[in-house]
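In: what's the 3D shape of this:
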Amino acid sequence: MAQHFKPNDATLRRTLTPLQYQVTQADATEPPFRNAYWDNHAAGVYVCIVTGEPLFSSLDKFDSGTGWPSFTRPIQASAVRVKEDRTHGMTRVEARSAAGDTHLGHIFPDGPKPTGMRFCINSASLRFVPRERLGAEGYGELEALFSGGTTPPEAHTDNACAVPAPGAAASCEATLETAILAGGCFWGMEELLRTVPGVLETEVGYTGGTTPNPTYEQVKTGRTGHAEGLRVVFDPTVLPFSELLESWFFLMHDPTTRNRQGNDVGSQYRSAIFFTSESQRETAEAVKAKVGASGQWGAPIVTEIVAAGPFTRAEGYHQRYLEDNPGGYTCHFMRRPKR
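Out: Next comes the predicted model:
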């Protein structure tokens, strides 16, 4: 096996996304179910995003019901080191990569056979190398793992994260949050929010409708019920959800115009907050009431507050559109509230 080394911090900040850096270097935990590999079933190996060191195989990956990639064991025991973790009011076993000291996730003794272990790992700490690419990417010696026709473990969803004991908190908790917002054309919303301190990742897409896996051509008709939405992963210790809403969301669009922003007309351009937790719902209701009571907009706030449902990622050319096309159309800007 080749040797693997950790780059310096300046290189990591340049090559990793903000989310990847926060997870691997600051021990954050990404939101469940909205990450790259929790539902990946392809054959291949998962390597450390920092060093490239091979860590886990698809042959040991199983559905744990937690929303994070889960494995029964690493490819080599020496590739993962353990550390006691007493943060967040719990005592857990943290998993870190041996070569890069990368925070990976946590290890629990409630997994399936043959090991009985569950390595609960952040997608942001990993890079997936498909089986057919192993040789081309320098992992040819691992092709032997797949020669025996071994099948991955079956789903094993009865664990302390997916089903905590009565009265107990789940033993896996995200330290980062996901917000899903709609307020007109998603190009302008993303451009304003993607660089806000505390925002780690943004993605535009379609949400709140009924058509499965909608496309832009379908959504723009206004007949699918979807809104052009923005998914935001943020660090609530830097940017509380209430601040994201009050200081940004409610000022970056006009929340008093129903199904319209500027020249964009239709239900796909409605103002909406799609909450991902009961706490977010309560915060959204409180902030909306505060903004409405202030009279700063001179008209009633029509922003919808509804539970988040499926979020379909928009086509690639929509992602960070205004960063790639700085002269492109937008009706979003930070407004001065009307008095």
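
In: Arg13: how many residues sit nearby?
Out: 12 (other Cβ atoms under 10 Å). C-beta here means a position set from N, CA and C on the backbone, and glycine is covered the same way.

In: pretty sure it is in a helix, no?
Out: Yes: counting by DSSP: H, G, I helix; E, B strand; the rest coil, Arg13 is found in a helix.

In: residues contacting it?
Out: Tyr21 (Cβ atoms under 8 Å, 6 or more residues apart in numbering).

In: what does Thr221 give?
Out: Here Thr221 is in contact with no residue (Cβ under 8 Å, 6+ apart).

In: how much space between it and Thr283?
Out: 33 Å (Cβ to Cβ, to the nearest Å).

In: list the buried residues for stretch 224-231?
Out: Burial within stretch 224-231, assessed by neighbour count using 16 or more other Cβ atoms under 10 Å, is assigned to Thr224, His226, Ala227, Glu228, Gly229, Leu230, Arg231.

In: which parts of the stretch 201-339 of the chain are strands?
Out: In the stretch 201-339 of the chain, the strands defined using DSSP state E, counting those that start in this stretch lie at 227-234, 260-261, 264-265, 271-275, 304-307, 311-313.

In: just those strands: most buried one?
Out: Per-stretch averages of neighbours, counted by mean count of other Cβ atoms under 10 Å, single out strand 227-234 among these, with a mean of 26.

In: list the contacts of that strand.
Out: Contact with strand 227-234 is made by 19, 30-31, 34, 176-182, 184-186, 189-190, 193, 198-209, 219, 241, 244, 267-270, 272, 274, 311, 314, as judged by Cβ under 8 Å, 6+ apart.

In: from the residues you listed, which land in helices?
Out: Secondary structure from DSSP state H places Leu19, Phe186, Met189, Glu190, Leu193, Val219, Phe241 of those in helices.

In: and those, which is closest to Gly44?
Out: Nearest to Gly44 among these: Leu19, at 21.7 Å, using Cβ to Cβ.

In: by mean pLDDT, point me to the weakest helix or strand of the protein.
Out: strand 80-85 (a mean of 91; mean pLDDT, DSSP states H and E).

In: counting by contacts, list what that one packs against.
Out: Strand 80-85 sits against strand 92-97, strand 103-108, with contacts defined as 3 or more Cβ pairs under 8 Å, 6 or more residues apart in numbering; DSSP states H and E.

In: which other helices and strands contact the helix or strand just after the last one?
Out: The first helix or strand that comes after strand 103-108 along the chain, using DSSP states H and E, is strand 118-121. Helices and strands touching strand 118-121, as assessed by 3+ Cβ pairs under 8 Å, 6+ apart, comprise strand 70-71, strand 103-108.

In: quick one: strands adjacent to strand 118-121?
Out: strand 70-71 (antiparallel), strand 103-108 (antiparallel) (DSSP bridges).

In: gap between Leu134 and Asp60?
Out: The value you get for Leu134 to Asp60, if Cβ to Cβ is used, is 16 Å.

In: thanks a lot, catch you later.
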